[in-house]
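Undergrad: With the input below, show me the fold.
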Amino acid sequence: MKKLALLSLSIIGSLFIVSCSDDDNTVDTTKPTIEIVSPTDHQEVEPGSSFFFKANLSDDSGLASYKIEVHYAEDGHEHKKTFAEEFVFNVSVEVPGQVKTFSAEETIDVPETAKEGHYHIGITVLDTFGNQNQQFTEIYIGHDSDHDH
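TA: Below you'll find the model as predicted:
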């Protein structure tokens, strides 16, 4: 009798678990998409001026946040720690309303004292499920229009 009672409870419990499963709880594993519109790759920027960053972002489930960063790129592309004279910029932004498309825009001021050279500009985007994507472009900060690409 005890075995029959335990078996009955097991069957009832299994039916309860199966009936309570929710097929709408699909997990999103798709990364957000990024299109950097500005600046263009290898664009030259004068020290003491500013440039406009714009990227079109989209995601099928909704965008949560993004981070824009600028750092010196003449370190063998290893992204190691920068020196004091190298220009660095970072900003993190929450995307309002978990929208599916968003235009990330930022005017970035370059100090007159910025070390001349190649710089990476990157954007990292996070969607509402925690999926992440990033994209980089490169600019040249300096007065010399004959720099190497």
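Undergrad: quick one: residue 85 is in a strand?
TA: No: assessed with DSSP: H, G, I helix; E, B strand; the rest coil, residue 85 is coil; it does not lie in a strand.
Undergrad: Could you find the closest non-adjacent residue to it?
TA: The shortest distance from residue 85 to any non-neighbouring residue, by C-beta to C-beta, 6 or more residues apart in numbering, is to residue 115 (4.6 Å). In this view, the C-beta of every residue, glycine as well, is placed from N, C-alpha and C.
Undergrad: How much space separates the one you found from residue 67?
TA: Per C-beta to C-beta, to the nearest Å, residue 115 is found 22 Å from residue 67.
Undergrad: repeat for residue 116
TA: Taking C-beta to C-beta, one finds residue 116 at 25 Å from residue 67.
Undergrad: residue contacts, the most centrally placed residue in the chain?
TA: The centre of the chain sits closest to residue 124, judged by C-alpha atoms, centre = their mean, with a distance of 1.5 Å. Residues in contact with residue 124, defined by C-beta atoms under 8 Å, 6 or more residues apart in numbering, are 66-67, 69, 132-134.
Undergrad: Name whatever forms a beta bridge with it.
TA: Using DSSP bridges, the bridge partners assigned to residue 124 are residue 67, residue 134.
Undergrad: which residues does residue 136 contact?
TA: Going by C-beta under 8 Å, 6+ apart, residue 136 touches 120-123.
Undergrad: The same query, at a cut-off of 10 Å, please.
TA: The neighbours of residue 136, taking C-beta atoms under 10 Å, 6 or more residues apart in numbering as the test, are 34, 36, 41, 69, 71, 73, 77, 79, 120-124.
Undergrad: and the gap between it and residue 74?
TA: 14 Å.
Undergrad: Residue 107 too?
TA: Look at residue 107 and residue 74: by C-beta to C-beta, they are 24 Å apart.
Undergrad: sec struct for the residue nearest to residue 85, please.
TA: coil.
Undergrad: so it touches residue 71, yeah?
TA: No: contact criterion C-beta atoms under 10 Å: residue 115 and residue 71 do not qualify, at 11.2 Å.
Undergrad: Run a quick neighbour tally on the closest residue to residue 44 other than its chain neighbours.
TA: Distances taken as C-beta to C-beta, 6+ apart place residue 140 nearest to residue 44, at 4.9 Å, with adjacent residues excluded. Per other C-beta atoms under 10 Å, the neighbour tally for residue 140 reads 18.
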